[in-house]
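Undergrad: model the structure of this input:
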Amino acid sequence: MPIKTDPTVSVDWKTVRDPPRCGPLALQYMVLATPGTYTVTVGPGRLFAAVWGGGGGGGGTQAYSTQAGGGGGAGGMVFGYADLDSERTVVIEVGAGGAGGGAGAAGGNGSPSVVWKDRANLVWYAYAGGGGGGGGATTSSPTGAGGYGGGWSYGAEFVVIEGYQGSPGQDGWRDARGYGHGGKGGDAPSTTKVASYCAKGALLQLLKTWAGGSGGQGAVGYPKSPCTAGSQPGGGGGGGANSTGCSGAPGMVVLILAPL
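TA: This is a model prediction of the structure:
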């Protein structure tokens, strides 16, 4: 089996046989959705990777209905492939989502997700940055700014099919009555293209299920309603209003191995 993982790590991988429009062919894939570091031995073959960074957390407020925290920014996304002529060991890092901000505090930044070619020398195949945490709100600064959207990058041996920056979080705001509305978290990008390859039908089937995560809704100061967390992969957390902020969603990495 051409995809193997470190035996100390539990990874779910599956096989798709004879995908549509491809004739006799078997694709193997795995979905890494829990933040952490994974060691994967893979190849030879064409290794596709769809990578999302973690979403930023929403900003928190003090206990006032007139304050509004900013929404967390979404993680970035990159999708492409590397051709492997022999078996290789790669390290995968799946980024965590940022924590929601406490009283008057900014939300935490999301962590990047990376498919490393050589982690020791900081050489990657694909990198998706985490989203920024939304700004907190205080009596002196009653509305917080939305967090930035995460970027993306790639290495020399990785062929990019598409890559998008995550959407920024919405700024906190106040309505005509002066009550706070936490900013909505940023939406993470979705894959919209597939490779020009025999396996594109199966790739589309695999990837369409994993659209980018939605940003969480911001809280309302009065009548009080809570914020919501971002959805996986990579959605930013909603900003607080008379409350703490909500957390951003973890990132995710999808690996698909096809014959060359």
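
Undergrad: which residues in the chain form helices?
TA: 200-208 (DSSP state H).

Undergrad: quick one: low-confidence ranges for it?
TA: 1-26, 194-205 (pLDDT under 70).

Undergrad: residue farthest from the centroid of this protein?
TA: residue 177 (35.7 Å; C-alpha atoms, centre = their mean).

Undergrad: which residues are in contact with the residue nearest to that residue when sequence neighbours are not counted?
TA: Take residue 177 and drop its neighbours on the chain: the residue closest to it by C-beta to C-beta, 6 or more residues apart in numbering is residue 222, 7.9 Å away. All C-beta atoms are positioned from the backbone trio N, CA, C, and that covers glycine. Residue 222 is in contact with 65, 177, 179, 242, counting by C-beta atoms under 8 Å, 6 or more residues apart in numbering.

Undergrad: cutoff 10 Å now
TA: 64-66, 175, 177-180, 241-242 (C-beta atoms under 10 Å, 6 or more residues apart in numbering).

Undergrad: what's the separation between it and residue 176?
TA: Residue 222 sits 13 Å away from residue 176, going by C-beta to C-beta, to the nearest Å.

Undergrad: one more: residue 148?
TA: 29 Å.

Undergrad: which of those two has more neighbours?
TA: residue 148 (24 against 5; other C-beta atoms under 10 Å).

Undergrad: how about the nearest residue to that one, chain neighbours excluded?
TA: residue 132 (3.9 Å).

Undergrad: hang on, the one you found packs against residue 101?
TA: No. Between residue 132 and residue 101 there is no contact under C-beta atoms under 10 Å: 11.8 Å.
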